[in-house]
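1. sequence and computational prediction follow.
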Amino acid sequence: MNETGPRTALITGASRGLGLALARHLAERGWRLLIDARGAHALERARAELAGRTEVVAVPGDVTDAEHRRALAEAARALGGLDAVVNNAGILGPSPQPALLDYPLDALEEVYRANVLAPLGVLQAVREELKPGARIVNVTSDAAVEPYPGWGGYGSAKAALEQLSSILAAENPDLRVYQADPGDMRTRMHQEAFPNEDISNRPPPENSAPGLAALLEGDLPGGRYRVAEIPAGEKERA
């Protein structure tokens, strides 16, 4: 990774949850940030908070929209390029989640557009702004590898994202590509996945931020990681 000058990361879906937790963590470590989210007001609140710690540019919009992805690329260019891209934005789909034989195909198409096509679209848009050795973190889920009943839409989309990530890495050995599974978290999306359950015992997303930072700052080889299993020494350095 380029160590001259401040490092710059694009984090999608950074107005709340894991994206905001990671943005806060990286801001404390001196990273410059380019953040986006669909909700303009929530994104502005995040920007205002983070601006007290680091340089931050917020671009509201939906990563499924090509025009928004072009706006992210323009902002990345103005910042002098990107050392890291964290594809965190995504959607769960219908809540409660239907079984596959009952899954509305138009809803499934939307899930794939947000969780598979949009992350690739972001990378295609910013490819000219990626610095040598840039890190790519595609946020995934254990539902990508475990056949949980009721998780067919979201889980299969994340499985597709993981295979896409592996091929991306094989095609671009100059990049460090990671699939990061943060595990269960106390977030709005997780609550939507379990609408009738109390999820207050799940760890907050802040617990996953050091592990993700270890992927961005350390020397771990590319590949799939369960964030909770990243060695403590790597997290401490991040």
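-> Arrived safely, thanks for sending. Numbering: from 1, shown residues only.
2. ranges for the helices of the protein?
-> 17-28, 40-50, 66-78, 105-112, 118-126, 152-171, 188-193, 209-217, 232-237 (DSSP state H).
3. nearest to residue 87, out of these?
-> Smallest distance to residue 87 across the helices of the chain (CB to CB): 3.8 Å, for helix 118-126. Yep, even glycine has a C-beta here, placed from its N, CA and C like the rest.
4. so what touches that closest one?
-> When contacts are defined by CB atoms under 8 Å, 6 or more residues apart in numbering, helix 118-126 is touched by residues 10, 12, 63-64, 66, 69-70, 72-73, 76, 82, 85, 87, 89-90, 136, 138, 161, 164, 168.
5. of these, buried ones?
-> 10, 12, 63-64, 69, 72-73, 76, 82, 85, 87, 89-90, 136, 138, 161, 164, 168 (16 or more other CB atoms under 10 Å).
6. how about the nearest residue to residue 85, chain neighbours excluded?
-> residue 10 (4.8 Å; CB to CB, 6 or more residues apart in numbering).
7. how far away is the one you found from residue 107?
-> 28 Å (CB to CB, to the nearest Å).
8. same deal with residue 165?
-> 24 Å.
9. check residue 166 too.
-> Taking CB to CB, one finds residue 166 at 27 Å from residue 107.
10. do residue 167 as well
-> Noted for residue 167: a distance of 26 Å to residue 107, by CB to CB.
11. with neighbour numbers in mind, choose between the two.
-> residue 107 (14 against 11; other CB atoms under 10 Å).
12. tell me which residue is most central in the chain.
-> residue 88 (1.7 Å; CA atoms, centre = their mean).
13. quick one, what contacts that residue?
-> 11-14, 18-19, 22, 137, 139.
14. just these now: which is nearest residue 97?
-> The closest of the contacts of residue 88, once distances to residue 97 are taken by CB to CB, is residue 139, at 18.4 Å.
15. that closest one touches residue 18, doesn't it?
-> Yes - counting by CB atoms under 8 Å, residue 18 is a contact partner of residue 139 at 6.8 Å.
16. determine the longest strand present in the chain.
-> strand 130-139 (DSSP state E).
17. using neighbour counts, pick out the buried residues of it.
-> Those would be 130-131, 134-139, for strand 130-139 by 16+ other CB under 10 Å.
18. so which of these comes closest to residue 97?
-> Using CB to CB, these come closest to residue 97 at residue 139, 18.4 Å.
19. what's the angle between the longest strand of the chain and helix 118-126?
-> Orientation note: strand 130-139 sits at an angle of 170 degrees relative to helix 118-126 (axes from the mean of the first three to the mean of the last three CA atoms, to 10 degrees).
20. and the contacts of strand 130-139?
-> Taking CB under 8 Å, 6+ apart as the rule, strand 130-139 contacts 1-2, 18, 81-88, 90, 119, 123, 161-162, 164-165, 168, 174-180, 182, 212, 215-216.
21. what are the pairing partners of it, and which direction each?
-> strand 82-87 (parallel), strand 176-181 (parallel) (DSSP bridges).
22. may I have it as PDB, with CA atoms only?
-> Extracted as PDB, the C-alpha positions of strand 130-139 are listed here (Å, rounded to 0.1, in the frame of the first residue of the first chain):
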ATOM      1  CA  LEU A 130      -7.100   3.000  -7.300                       C
ATOM      2  CA  LYS A 131      -3.600   3.500  -6.100                       C
ATOM      3  CA  PRO A 132      -1.000   0.700  -6.600                       C
ATOM      4  CA  GLY A 133      -1.600  -2.000  -4.000                       C
ATOM      5  CA  ALA A 134      -5.100  -0.800  -3.100                       C
ATOM      6  CA  ARG A 135      -7.100  -2.900  -0.800                       C
ATOM      7  CA  ILE A 136     -10.700  -4.000  -1.700                       C
ATOM      8  CA  VAL A 137     -12.900  -5.200   1.100                       C
ATOM      9  CA  ASN A 138     -16.300  -6.700   0.100                       C
ATOM     10  CA  VAL A 139     -18.400  -7.200   3.200                       C
END
